[in-house]
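**Student:** Test case, fold it:
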Amino acid sequence: MTAVLPSLALALLSLLQAGAEVPVQPGFNAEKFVGTWHVTAAASNCSVFLKMKDGMKSSITTISFTPEGDLAMKLVWPWMDRCQKFELLFQRSGQAGHYMAAQEKRELHVMETDYSCYAIVHELQQRGQEPITALQLLTRDQDMSPQLLQKFEELIPIMGLTKDMLAILPKSDQCTKATS
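**Tutor:** Presented below is the predicted three-dimensional model:
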């Protein structure tokens, strides 16, 4: 059984690299996905993320949708003595739960969510030769159960990432006021 798991992970990785679709939440409901989320864990092969991950804290993400159905994301990251704000707009694709930012060659997939407690989001960005992959665990509050963290950790190798790329982000209320 132990020998089968690496083979399975390699097979799934090969499918992903060959352009196979990243799964999305079946019957994704954008209205239920709207609101405030906290990034409580993340894994990425991005060199900037890997350099900063040990000093990162939980961030706040606010999700809304435009009348056209595009996903608008406002992020507020605690950074040293300030709150760093980012705004991203992802255009809807032909599949609910899959969004694209063409100018940045970036894709976002809502892989799994129960809408009220957690969501697992996959992001892929093409930069140069190597694509940048990120997996994020979003929660409605800053708490996550051990079972939820385990589910997230099990997806890391399937998405072509390794456990050393994982950051479990400590709680922070540093930027709570900055989201208003």
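
**Student:** tell me, what residue is most central in the protein?
**Tutor:** residue 136 (2.9 Å; Cα atoms, centre = their mean).

**Student:** Was I right to think residue 171 contacts residue 57?
**Tutor:** Yes. Applying Cβ atoms under 8 Å, one finds residue 171 in contact with residue 57, separated by 7.4 Å. Every C-beta, even on glycine, is put in place using the N, C-alpha and C of the backbone.

**Student:** ok, these two, which is more surrounded?
**Tutor:** residue 57 (17 against 12; other Cβ atoms under 10 Å).

**Student:** That one: what's it in contact with?
**Tutor:** Shown in contact with residue 57 (Cβ atoms under 8 Å, 6 or more residues apart in numbering): 77-78, 169-172, 174.

**Student:** what's the spacing between it and residue 129?
**Tutor:** Plainly put, residue 57 is 31 Å away from residue 129 if you go by Cβ to Cβ, to the nearest Å.

**Student:** With residue 122 instead?
**Tutor:** On the measure of Cβ to Cβ, residue 122 and residue 129 end up 20 Å apart.

**Student:** Who has more neighbours out of those two?
**Tutor:** residue 122 (21 against 5).

**Student:** Go ahead and confirm the more buried one touches residue 108.
**Tutor:** Yes. Between residue 122 and residue 108 there is a contact at 7.3 Å, judged by Cβ under 8 Å.

**Student:** partners of the closest residue in space to residue 149 that isn't next to it in sequence in the sheet?
**Tutor:** Of all residues not flanking residue 149 in the chain, residue 41 sits nearest, at 6.4 Å (Cβ to Cβ, 6 or more residues apart in numbering). Judged by DSSP bridges, the bridge partners of residue 41 are residue 137, residue 168.

**Student:** For the chain, give me the ranges with low pLDDT.
**Tutor:** 1-20, 176-180 (pLDDT under 70).

**Student:** Confirm for me that residue 119 is in contact with residue 33.
**Tutor:** Yes. Between residue 119 and residue 33 there is a contact at 7.1 Å, judged by Cβ under 8 Å.

**Student:** which residues are common contacts for those two?
**Tutor:** Residues touching both residue 119 and residue 33 (Cβ under 8 Å, 6+ apart): 110, 113.

**Student:** Touching, residue 170 and residue 58? I think so.
**Tutor:** Yes. Using Cβ under 8 Å, residue 170 makes contact with residue 58 at a distance of 6.5 Å.

**Student:** So for these two, which residue has more residues nearby?
**Tutor:** residue 58 (23 against 11).

**Student:** With adjacent residues omitted, what lies nearest to the more buried one?
**Tutor:** residue 169 (4.3 Å).

**Student:** residues touching that neighbour, list them.
**Tutor:** Per Cβ under 8 Å, 6+ apart, neighbours of residue 169: 39-42, 56-59.
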